[in-house]
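> Just the structure for this:
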Amino acid sequence: MDKKRDVALLVIPAGGGTRRRFRISRRQLRLGAVLAGVLGVILVAGAVSWVVLAVRAAEVGELREELAVLRAERSQISDLAATLTEVEARYDQLRSLFGEETGIAGGSDWLPPAAGRGGSRAVVEAEEALPRAWPLAERGFITQPLLENLEGSHAGLDIAVPTGSYILAAGAGRVMEAAEDPTYGLYLLLDHGAGYQSLYAHASELLVEPGDLVRTAEVIGLTGSTGRSTAPHLHFEILLNGQPVDPLSMVDPP
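As a prediction, this is how the structure comes out:
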């Protein structure tokens, strides 16, 4: 062995004492350097692996939370879809009940389509547009006729019926207004062409919207006592060029 190439280490204690001398050969130095390098690589690889695992663990936690949210939303959507399907099926069954018979002589009640509104222009235009049909699915009781040129004049008919009774379109036409008024409460205004319009007031619920086309005897709302009203009833008006017409001159009670 060439001792000239060895490395000598001299250890001198701080407080004095015996000095020690160590000799390390070149081969031992190379082996130590290799071992130190391998150890360094192992430490770096371990640190990198730990960082990667920590990041992956955080991502897994976030993915689990997102998955739980998606599962909850999918469950809600499935429940909503099932409910909607059930409601539409029941609604279609209810509509079918009015396809053959009705309590109003000489007509049929039509419920609005479950899948949307708007009607059929061809069907509406093919029908009698003038408001000649009774505006309710039942007879009711006329409590107030049209009064003109009198104190406290009354522009239409008041027909007493229970809350929730079907309001029917007196003729085919287009919904011009579907809104709420302090006096009329929830009301609908239909335009039938030729200057004729019909108004339905004090409803508890409106089933059509402005712009919808409706058929004669289609259900357009439910009766109630909204607005200036003391009891459930339908206030029904027929207008010609904006002026009241006695509904009983055009519509015969059933």
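> looking at this structure, which helix or strand does the model trust least?
Lowest by mean pLDDT, DSSP states H and E among the helices and strands of the chain is helix 121-126, with a mean of 60.
> Any chance you could list what contacts the helix or strand following it?
The helix or strand immediately downstream of helix 121-126 is strand 141-144, counting by DSSP states H and E. Contacts with strand 141-144, where a contact means Cβ atoms under 8 Å, 6 or more residues apart in numbering, come from His154, Leu157, Asp158, Ile159, Ala160, Val161, His233, Pro253. (Glycine included, C-beta is placed from N, CA and C.)
> Got a quick PyMOL command for the buried subset of these?
Applying 16 or more other Cβ atoms under 10 Å to these, the buried members can be selected in PyMOL as follows:
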select buried, resi 157+158+159+161+233
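> for the protein, which spans come out with low pLDDT?
1-11, 15-17, 22, 91-128, 146-154 (pLDDT under 70).
> The residue most central in space within it and Arg74, how far apart?
Among the residues of the chain, the one closest to the centroid is Leu80, at 10.3 Å (Cα atoms, centre = their mean). For Leu80, the distance to Arg74 equals 11 Å [Cβ to Cβ, to the nearest Å].
> same deal with Ala54?
Separation of Ala54 from Arg74 (Cβ to Cβ): 30 Å.
> Equivalent analysis for Gly171, please.
47 Å.
> what number of residues lie near Leu240?
The tally of other residues near Leu240 (other Cβ atoms under 10 Å) stands at 14.
> Now do the domain split for this protein, please.
3-71, 121-249 (automatic domain parsing).
> Can you tell me which of those domains is most buried?
domain 121-249 (a mean of 18; mean count of other Cβ atoms under 10 Å).
> Pull the distance from that domain to the chain's centre.
Its chain's average C-alpha position is 29 Å from that of domain 121-249, according to Cα atoms, centre = their mean, to the nearest Å.
> now swap in stretch 45-54 and tell me
With Cα atoms, centre = their mean, you get 48 Å for stretch 45-54.
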